[in-house]
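**Q** no FASTA, just this:
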């Protein structure tokens, strides 16, 4: 769910749900919905999420449903069951997540696997400059986000039942292999910068073995901020979560400071951060290190995050061209993958590559 009430609309034609079947299923599987009354409405959140996401208004309450998209899916992609599993495990951990209610893997209900969670109110921003916020609110939002990410990485994944959620060893090497493969499957054109970045990352992997729960897409657009003070109220969109290297998450969170300024809504490079109230990269690293977490080789992990995001966006482009993306602007958004790869090449150059 990467959206709020302002991003809602009727479900797209390719993403319409069987309302009667869904209503009957939820009433029979979620006790609190047995007597929810007759009000039942479905709207779809707009935005860039790869798993179609819906607001359900049932009786006097609100819920969110996320499902796999229609059509042929790439291997291991759109793992809504993994999203559900990690949010269920993190309940009570101090990492704010929506309350999960049910996972349905019976595709006869609405056509794809889905899960339902409680709706969390608050503010959501696609633009990382957090428009309409005061400088103090932006400072609170970013420092809170850094602290929550540090808290996530401090969770003992074995103690919360996620010991089989991923392989802790060789995370970066495995991710390079996975996303290189996904990129090749999604590829629609040649991109020399992507090839150059992939080769550099393979040759310069630090190889350390830190392991933690990683979100995989940790950024302001996947956070709900409190209406009251702009602290983080919930972390969303856990599709790419696994057990892996925490600096991959941190590098991804910091990459706006290194992105090509032409990537509107994603780049902080060249912005007047002091006037905006957005903490600088070093301030966020200090906030993250509050629990003693290491941050060595962070530039490698920023470049790695740019590579992975470029591969994801290439997949968005492919889905857009194939006509089964949930975002009407998928083709335009997906084409930006080359700018992300070029930003990674610039980091390579800065590191003497």
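**A** Nice, thanks for sending it over. This structure is a prediction, so every number in the text was calculated from the model and none was measured.

**Q** show me where the stretch 151-300 of the chain has helices.
**A** Taking DSSP state H, counting those that start in this stretch as the test, the helices found in the stretch 151-300 of the chain are 171-186, 192-203, 246-254, 273-276, 281-288, 298-322.

**Q** Save those helices as a markdown table, and put in mean neighbour count, mean pLDDT and distance to residue 341 too.
**A** C-beta: built from backbone N, CA, C; applies to glycine. Below are the helices of the stretch 151-300 of the chain laid out as a markdown table (neighbours: other C-beta atoms under 10 Å; pLDDT from 0 to 100; distance: least, C-beta to C-beta, whole Å):
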| stretch | mean neighbour count | mean pLDDT | distance to residue 341 |
| --- | --- | --- | --- |
| helix 171-186 | 18 | 91 | 10 |
| helix 192-203 | 17 | 94 | 4 |
| helix 246-254 | 25 | 94 | 15 |
| helix 273-276 | 14 | 96 | 25 |
| helix 281-288 | 17 | 94 | 21 |
| helix 298-322 | 23 | 90 | 4 |
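
**Q** Quick one: closest of the ones you listed to residue 142.
**A** Taking C-beta to C-beta, helix 281-288 is the member of the helices of the stretch 151-300 of the chain nearest to residue 142, at 6.4 Å.

**Q** what residues does the closest one touch?
**A** Residues from elsewhere that reach helix 281-288 (C-beta atoms under 8 Å, 6 or more residues apart in numbering): 142-143, 146-147, 149-150, 250, 253-254, 257, 279, 295, 298.

**Q** Now do that helix against helix 298-322, angle only.
**A** Compare the direction of helix 281-288 with that of helix 298-322 by axes from the mean of the first three to the mean of the last three C-alpha atoms, to 10 degrees and you get 100 degrees.

**Q** elements contacting the worst-scoring helix or strand of the chain on mean pLDDT?
**A** In the chain, no helix or strand scores lower on mean pLDDT, DSSP states H and E than helix 330-334, which sits at a mean of 82. Judged by 3 or more C-beta pairs under 8 Å, 6 or more residues apart in numbering; DSSP states H and E, the packing partners of helix 330-334 are helix 298-322.

**Q** what does the least confident helix or strand of the chain contact?
**A** 48, 313, 314, 315, 316, 317, 318, 319, 320, 321, 325, 327.

**Q** and that helix, which residues are buried?
**A** 330, 331, 333, 334 (16 or more other C-beta atoms under 10 Å).

**Q** okay, those in JSON lines with distance to residue 213 next?
**A** What follows is the buried residues of helix 330-334, written out as JSON lines (distance: C-beta to C-beta, whole Å):
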{"residue": "330", "distance to residue 213": "29"}
{"residue": "331", "distance to residue 213": "33"}
{"residue": "333", "distance to residue 213": "27"}
{"residue": "334", "distance to residue 213": "28"}
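
**Q** List just the nearest of the residues you listed to residue 183.
**A** Looking across the buried residues of helix 330-334 and measuring by C-beta to C-beta, the closest to residue 183 is residue 334, at 12.0 Å.

**Q** any idea how far residue 24 is from that closest one?
**A** Here the criterion is C-beta to C-beta, to the nearest Å. By it, residue 334 lies 37 Å from residue 24.

**Q** Would you agree residue 102 is in contact with residue 29?
**A** Yes - here residue 102 reaches residue 29: they are 5.6 Å apart, a contact under C-beta atoms under 8 Å.

**Q** Residue 155: how many residues sit nearby?
**A** Neighbourhood size, residue 155 [other C-beta atoms under 10 Å]: 17.

**Q** I meant to write residue 212 there.
**A** Residue 212, neighbours per other C-beta under 10 Å, totals 21.

**Q** Same question for residue 169.
**A** With other C-beta under 10 Å as criterion, residue 169 counts 11.

**Q** Same question for residue 277.
**A** Number of residues near residue 277 (other C-beta under 10 Å) recorded here: 18.

**Q** again, but for residue 217
**A** Other residues close to residue 217 by other C-beta under 10 Å number 24.

**Q** got a pLDDT number for the closest residue in space to it that isn't next to it in sequence?
**A** Leaving aside its chain neighbours, residue 217 sits nearest to residue 240 (5.1 Å; criterion: C-beta to C-beta, 6 or more residues apart in numbering). Looking at residue 240, its pLDDT stands at 86.

**Q** OK, contacts around residue 240?
**A** Residues near residue 240 by C-beta under 8 Å, 6+ apart: 215, 216, 217.

**Q** All the helices of the stretch 1-150 of the chain, residue numbers only.
**A** Under DSSP H, counting those that start in this stretch, the stretch 1-150 of the chain gives helices at 19-29, 80-90, 135-154.

**Q** Buried residues, the second one. List them.
**A** Looking back up the chat, that one is helix 80-90. By neighbour count on 16+ other C-beta under 10 Å, the buried set for helix 80-90 is 80, 82, 83, 84, 85, 86, 87, 88, 89, 90.

**Q** Would you mind confirming that the first one makes contact with residue 116?
**A** No - taking C-beta under 8 Å as the definition, residue 80 is not a contact partner of residue 116, at 10.7 Å.

**Q** give me phi/psi at the spatially most central residue of the chain?
**A** With distances taken as C-alpha atoms, centre = their mean, the residue of the chain nearest its centroid is residue 217 (3.3 Å). As for residue 217, its main-chain torsions (degrees, to the nearest 10) stand at phi -150, psi 50.

**Q** do you know how far it is from residue 208?
**A** 22 Å.

**Q** With residue 219 instead?
**A** Going from residue 219 to residue 208 by C-beta to C-beta gives 24 Å.
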